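# Provide a 3D model corresponding to the input given below.
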Amino acid sequence: MQTTESPFSRFSRESGALMHLSIPIIFTQLATQAMGFVDTTMAGQVSAADLAAIALGSSLWIPVLLLLRGIIMALTPVVAFHRGAGNLNRISSESFQMVWIALISSAILIGYLCSARSILEWIAVDPIIIPIASDYAFALAFGVPGIALFYVLNGFFEGMNNTKIPMIVSVIGLLINIPVNYVLIYGKFGFPELGAVGCGWATSLVYWLMSAMLYVCIKTHRQYKSLIDFSDAKPEPKEMLSLFKLGLPIGTNIAVCGSIFAVIALLIGRIGAENVAAAQIALNISSMTYVISMSVSFGITIRVGHALGANNTIGAVERSKIGIMVAGLISLIPATVLLTFPDPIIRLYTTDPVVSATAAGLLVFTAMYQFSDALQTSANGALRGYKDTKVPMFLSVACYWGLALPLGVVLGLTDNIIPAMGEMGFWVGIITGLTVAAIAMLVRLRVVMSKHQTHGAVTQ
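Numbers count the residues shown, from 1 in each chain. Below is the predicted model:
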């Protein structure tokens, strides 16, 4: 007798499988973000110039890093698709083509980072900071290929439904980064005292090491070692172009979304120092909570890509819907924490009463957009699983740069609609932009799912 699985059982089964994938990704993302936190706190103990050099170097590096990360992210749904379809021989070829894309991109980024001095001089940065910041960027340039290869190997593991190994390697990398930072920043054990520049060298060395660890894991894994065949290493321009076309919109999407908050911080700088400090607290907290929904979206990409590879269009729809529901429910946790415990959270950053009061108000707005942010991020993850990346990119650009930022500027800095709201106006713009983005992404996902279901029915 055939039994029908209840909706609750399907939800429990799929949400469990999704979180089994996503939780290690969350720890992986937190570990890599923690490296930047460690760099900032340890360099800040040397001098204000070293701390400023980290900030300037990061402002040059982070946008292009996000672009690189997004381009390489295309490998995850591709590997998941081939795994679901049982085309394991295609995984090796696609992975090697992404390695070539990563290496070519690395060469371009190395040239960019080596030009840091000229860029900083052009934008008239304080001359005291330029030598440190440019040397810090040069040190990062050494590690760019290692970082790119780490992302490629990480994408391979995620596509193969194995997120635990990258998590373990990332945590090990974080633990190694701390003592290496200490030695190079402060000049211990006979090494020269490099200050902030030591952070750059430590980051580069650790990422090379993490790449090597992931490669060793592949070569010693009983299943993966037979998948990777170096006879597939020959560059195939057509395949490389196909992967690049899939990944570039993802990278652009991530870079655009990440850079808008840096622009908002610069614009708030026109209001006052306390306002900038309060905004930075709220933005930093927001970036940490975003890691959760972003990681869940990566899990959704893997689950949907695997279902489509197995020609299970109904399963892909189910995984998309349940994934979005799970992301929305999880987002209520940080929203509740931000609304319930604003003061203890803010005290981790500052005890200044003016900054604390302003930051507390911003945390209320930050809590308000957690749900819509989770919906648009998870829907975007499902769309990546369907290999639909161009339209989501345009939707993100329109919602962030065409709506959220202009509305924030009008409400925050002008009296055109209402008296200027200051930094609060920018958060109203963010809430509006993310809400519209969530609706747009969900509508686009519905359209894409309908097309795939229709195509699947015709094929059958």
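# in the stretch 351-460 of the chain, which segments are predicted with low confidence?
453-460 (pLDDT under 70).
# now the helices: where do they sit in it?
Counting by DSSP state H, counting those that start in this stretch, the stretch 351-460 of the chain has helices at residues 353-368, 370-385, 390-399, 405-413, 423-459.
# Tell me what angle the third one forms with helix 405-413.
Between helix 390-399 and helix 405-413, the angle comes out at 20 degrees (axes from the mean of the first three to the mean of the last three CA atoms, to 10 degrees).
# Check the first one too.
Using the same axes, to 10 degrees, the direction of helix 353-368 lies 150 degrees away from that of helix 405-413.
# swap in the last one?
Angle of helix 423-459 versus helix 405-413, following the same axes, to 10 degrees, is 160 degrees.
# Enumerate the positions of helix 423-459 that are buried.
423-442, 444-445, 448-449, 452 (16 or more other CB atoms under 10 Å). C-betas here are computed from N, CA, C, even on glycine.
# helices or strands up against that helix?
Judged by 3 or more CB pairs under 8 Å, 6 or more residues apart in numbering; DSSP states H and E, helix 423-459 is in contact with helix 237-268, helix 273-309, helix 313-340, helix 353-368, helix 370-385, helix 390-399, helix 405-413.
# and those helices, which is most packed in?
Highest mean neighbour count among the helices and strands packed on helix 423-459 (mean count of other CB atoms under 10 Å): helix 370-385, with a mean of 27.
# between that helix and helix 353-368, how big is the angle?
Counting by the same axes, to 10 degrees, helix 370-385 lies at 50 degrees to helix 353-368.
# how much does helix 370-385 deviate in direction from helix 273-309?
40 degrees.
# Now do helix 370-385: which elements does it pack against?
Using 3+ CB pairs under 8 Å, 6+ apart: helix 370-385 touches helix 75-85, helix 273-309, helix 313-340, helix 390-399, helix 423-459.
# So in the protein, where's the weakest helix or strand by average pLDDT?
Ranking every helix and strand in the chain by mean pLDDT, DSSP states H and E puts helix 48-73 at the bottom, with a mean of 75.
# quick revisit: generate JSON lines for the helices of the stretch 351-460 of the chain, with distance to residue 104 as supplementary columns.
Converted to JSON lines, those look like this (distance: least, CB to CB, whole Å):
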{"stretch": "helix 353-368", "distance to residue 104": "38"}
{"stretch": "helix 370-385", "distance to residue 104": "22"}
{"stretch": "helix 390-399", "distance to residue 104": "21"}
{"stretch": "helix 405-413", "distance to residue 104": "32"}
{"stretch": "helix 423-459", "distance to residue 104": "30"}
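# And these: which comes nearest residue 225?
helix 370-385 (26.9 Å; CB to CB).
# so how far is that closest one off the chain centroid?
In terms of CA atoms, centre = their mean, to the nearest Å, the centre of helix 370-385 is found 13 Å from the chain centre.
# Next: stretch 80-97.
24 Å.
# in it, what's buried?
Here stretch 80-97 shows 80-84, 90-97 as buried, counting by 16+ other CB under 10 Å.
# Quick one, which of the residues you listed has the minimum pLDDT?
Ranked by pLDDT, the buried residues of stretch 80-97 bottom out at residue 84, which scores 77.
# returning to what we had before: how about the helices of the stretch 351-460 of the chain, which one is nearest residue 300?
helix 370-385 (4.0 Å).
# hey, C-alpha coordinates of the closest one in CSV?
Extracted in CSV, the C-alpha atoms of helix 370-385 (Å, rounded to 0.1, in the frame of the first residue of the first chain):
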residue,chain,number,x,y,z
GLN,A,370,16.1,40.6,9.2
PHE,A,371,13.1,38.7,7.9
SER,A,372,13.0,40.4,4.5
ASP,A,373,16.7,40.1,4.1
ALA,A,374,16.5,36.4,4.8
LEU,A,375,13.7,35.9,2.3
GLN,A,376,15.5,37.7,-0.5
THR,A,377,18.8,36.0,0.2
SER,A,378,17.3,32.5,0.4
ALA,A,379,15.2,33.1,-2.8
ASN,A,380,18.5,34.2,-4.5
GLY,A,381,20.1,31.0,-3.3
ALA,A,382,17.3,28.9,-4.9
LEU,A,383,17.7,30.9,-8.1
ARG,A,384,21.4,30.0,-8.1
GLY,A,385,20.5,26.4,-7.9
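# Could you check the angle it makes with helix 313-340?
Interaxial angle, helix 370-385 versus helix 313-340 (the same axes, to 10 degrees): 150 degrees.
# any idea of the angle helix 370-385 forms with helix 75-85?
60 degrees.
# so residue 267 touches residue 412, yeah?
Yes - taking contacts as CB atoms under 8 Å, residue 267 lies within contact range of residue 412: 7.5 Å.
# so what sits against both of these two?
residue 426 (CB atoms under 8 Å, 6 or more residues apart in numbering).
# which residues does residue 206 contact?
35, 143, 173, 176-177, 180.
# Okay, and it sits in which element?
helix 196-220 (DSSP states H and E).
# gap between that helix and the chain center?
Its chain's average C-alpha position is 19 Å from that of helix 196-220, according to CA atoms, centre = their mean.
# roughly how far apart are residue 73 and residue 42?
29 Å (CB to CB, to the nearest Å).
# so where do the strands sit in the stretch 51-200 of the chain?
Read by DSSP state E, counting those that start in this stretch, the stretch 51-200 of the chain holds no strands at all.
# so where's it uncertain?
For the stretch 51-200 of the chain (pLDDT under 70), the answer is 51-56, 59, 123-126.
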